[in-house]
Structures are given as structure tokens and as C-alpha cells.
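Trainee: 3D model of this:
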Amino acid sequence: GQLPAPGEIVFLWTCNSFNAFTFIPYVIKYSGMIEELCISTYSINTRIVESLTKWYDKGNVRSILLYVSESLRFRMPAVVDLLEAKARDREISIVYAWNHSKVQLIKSNGNYFVVEGSGNFSENAANEQYIFFTLHDTLHILFINMGWGLGLSIFINGELYYGKSGNSTTQLLTHFFQNF
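Mentor: The predicted structure is shown next:
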């Protein structure tokens, strides 16, 4: 096992059940404690909420910011109740938004990892795809969000340029890179 080197992009295609959470213990194992974990996802299940808080309680994750689809409140109210209960006494922030993105931003030991893919933080299909890479000195990112409209966020040398609405993924990126 290894982590992507600066400038390296790893493309993964899964042939078995594999969800986005899998990257978290992997980064902890090979990089160490996660100082900041930002997650943007459409769905999360009870098993993943329990696992996230377990890693947090063991001291392996210091801070969690979770952007999750607002529809989770109606689709999975028991998961929302559990998530909010777990967040009360921990440094876990939850934002409900019109969201279908699946992005993780991980800060660990001076490294900045990004995971983007089709898988949620729940049970997924056997075939999913992910992109896993490390950010380094020069930060240039172009993020295009296509849904009911077209959204665009641009980072040039760590400075955010975005449109009028500032969707939830733009907010997630802004939070993560504000101190980069």
C-alpha cells in the first residue's frame, strides 16, 4: 500500500463492494492522524456513522465536516438522528444542502488528499470509480458541478473564485483550503 505522490493521480475502478469510507482508514494507516476531514456525500449509513465516530474517539481523526444531502432527513431519519447525536459532544459539523457530490478532502501530517468518485458513504454497487490524489505546493483546481444547472469553482494558487450561488461543494472546498 502507498499513498499518491505529489502530482500523481490514482484512478480506481472497483469490482467488489467498496465505499468511499475505505479511504479514511487507509490514509490513517499510511499517513497518520487526520487533522481535518471534509466529506461531501449524498448518502451515509449507520455503519459508517459508527465507524467515523470510532476513528474520531480513538484520536485518529481530529475534526470532521460533513456536507450531506438534505434529502437524508426524509430518506433516512434514523441515520440523521444518530449522526446528530454523535456530533453533539465531538468536533463534528453537519451541513444539510442540496448535494449529490461525493468528495473527500483529507489533511494529514502536512499532506492534502482528495478523493472524488461515484461511491457514497453507504452500501454501493460492485462497480464504482474513484480518483485519489495528493495536492502540493501549487494549488490549481477547476471544479464543475452539473445538475439542474452548471456551477463552477476555480482555485488559482489557493484563492477561490466562484459564481453567484456558492453551492455546497464550493463551501466545502472553501472551508478546506482557507488555510492552505
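Trainee: so what's the residue lying closest to residue 91 once chain neighbours are set aside up against?
Mentor: Excluding its sequence neighbours, the residue lying closest to residue 91 (CB to CB, 6 or more residues apart in numbering) is residue 63, at 4.7 Å. (C-beta placed from N, C-alpha, C; glycine too.) Applying CB atoms under 8 Å, 6 or more residues apart in numbering to residue 63 gives the contacts 35-37, 91-92.
Trainee: can you give me the helices for the protein?
Mentor: For the chain, the helices defined by DSSP state H cover 23-31, 46-57, 72-75, 77-88, 168-177.
Trainee: quick one, which of those gets closest to residue 123.
Mentor: helix 46-57 (8.5 Å; CB to CB).
Trainee: what packs against that closest one?
Mentor: helix 23-31, helix 77-88, strand 92-97 (3 or more CB pairs under 8 Å, 6 or more residues apart in numbering; DSSP states H and E).
Trainee: buried stuff in stretch 24-44?
Mentor: For stretch 24-44, the buried set under the neighbour-count rule, 16 or more other CB atoms under 10 Å, comprises 24, 26-28, 31, 34, 36-44.
Trainee: which single one of the residues you listed is nearest to residue 130?
Mentor: Nearest to residue 130 among the buried residues of stretch 24-44: residue 26, at 11.3 Å, using CB to CB.
Trainee: what's the neighbour count on residue 15?
Mentor: 8 (other CB atoms under 10 Å).
Trainee: out of the helices of the chain, deepest packed?
Mentor: With neighbours defined as mean count of other CB atoms under 10 Å, the helices of the chain peak in mean count at helix 168-177, which reaches a mean of 20.
Trainee: lowest-confidence helix or strand of this structure?
Mentor: Across the helices and strands of the chain, mean pLDDT, DSSP states H and E gives its lowest value to helix 168-177, namely a mean of 55.
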